[in-house]
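Engineer: Sequence and predicted model, in that order:
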Amino acid sequence: MSAPTPLLLQLRGSGLSLGGRQVLAALDLQLRRGERLALLGSNGAGKTSLLRLLHGLLPAPGRVLHELPELGRPPRQAMVFQQPFFLSLSVRSNLRLALALARLPWPQHEALLEAALRRVGLLDQATQLATSLSGGQKQRLALARAWALQPELLFMDEPTAHLDPGARRELERLIAEFGEEKGLTWVMSTHNLGQAKRLASRVLYLEAGRVLADAPVHEFFQRPQGRAVDQFLKGEML
């Protein structure tokens, strides 16, 4: 039998309360190298909160980052938000700032910048103001910014929301390519069931801050997962 892929991130009984309200019930979760995890659930189910907790932006007792066996350090992380923020600077300058904040070696910056922009098809827009880009271009720039940081863990909060079909297909193509790269693990929230089927290897379903299903993508969509999940998949919420 082959050895299991390395464990990168683990939650042990981690929950979240904000303003006296329970947002996430205590949960156990493991992320292994190469997994592509789609978070499904209705608005307010806790998907964004779970993403922020996984990324370390919210307090999470029981959150453990494991060292990469071959590197002896925890995995690098990056996150793409539903509405990414950019300064009123050029596309190139926004990327360079992200590299500087991540403390990546200065001599590597130029090569990383060019490779990231070329990867998402924005090299010709390098000198353009980032705030003047279209919605689809901004999301591609957000992906480029994350990719340039060379993460082993990538978190994405509904990255294709509010995009037209063409821009959505382009983002999906890039996400699929990123997921195929050696060692990259990603977690993405989405309301698009087809997108989860196309891109994910595993699906986690949340309702009212509780995990009701966690299964490989083919099992999630082909086998009963309980009344609440099945009604969600049919568009019939309780």
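Structural biologist: Okay, I see it.
Engineer: residues in contact with residue 92?
Structural biologist: Residue 92 sits next to 113, 117, 126, 127 when contact means CB atoms under 8 Å, 6 or more residues apart in numbering. For the C-beta atoms, the positions are set from N, CA and C on the backbone; glycine is no exception.
Engineer: try it again with 6 Å
Structural biologist: Residue 92 is in contact with residue 126, counting by CB atoms under 6 Å, 6 or more residues apart in numbering.
Engineer: Please give the element, helix or strand, for it.
Structural biologist: Assigned by DSSP states H and E, residue 92 belongs to helix 91-101.
Engineer: The closest residue to residue 184 other than its chain neighbours: how many residues sit nearby?
Structural biologist: Leaving aside its chain neighbours, residue 184 sits nearest to residue 178 (5.8 Å; criterion: CB to CB, 6 or more residues apart in numbering). Neighbour count of residue 178, defined by other CB atoms under 10 Å: 19.
Engineer: hey, C-alpha coordinates of the helix holding residue 92 in PDB?
Structural biologist: The C-alpha coordinates for helix 91-101 follow below in PDB (Å, rounded to 0.1, in the frame of the first residue of the first chain):
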ATOM      1  CA  VAL A  91      -0.800  46.000 -11.800                       C
ATOM      2  CA  ARG A  92       3.000  45.300 -11.500                       C
ATOM      3  CA  SER A  93       3.300  47.500  -8.400                       C
ATOM      4  CA  ASN A  94       0.400  45.700  -6.700                       C
ATOM      5  CA  LEU A  95       2.200  42.400  -7.300                       C
ATOM      6  CA  ARG A  96       5.600  43.700  -6.200                       C
ATOM      7  CA  LEU A  97       4.100  44.900  -2.900                       C
ATOM      8  CA  ALA A  98       2.600  41.400  -2.200                       C
ATOM      9  CA  LEU A  99       6.000  39.800  -2.900                       C
ATOM     10  CA  ALA A 100       7.700  42.300  -0.600                       C
ATOM     11  CA  LEU A 101       5.200  41.800   2.200                       C
END
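Engineer: List the buried residues in that helix.
Structural biologist: Of all the residues in helix 91-101, those buried under the rule 16 or more other CB atoms under 10 Å are 91, 92, 93, 94, 95, 96, 98, 99.
Engineer: Show me the contact partners of the helix or strand harbouring the residue nearest to residue 184.
Structural biologist: Residue 178 is part of helix 165-180 when elements are defined by DSSP H and E. For helix 165-180, the external contacting residues (CB under 6 Å, 6+ apart) are 36, 136, 139, 143, 159, 160, 184, 186, 199.
Engineer: circling back to that earlier point, tell me the helix or strand right after the helix holding residue 92.
Structural biologist: helix 109-119.
Engineer: picking up where we left off before, tell me which of the contacts of helix 165-180 fall in strands.
Structural biologist: 36, 186 (DSSP state E).
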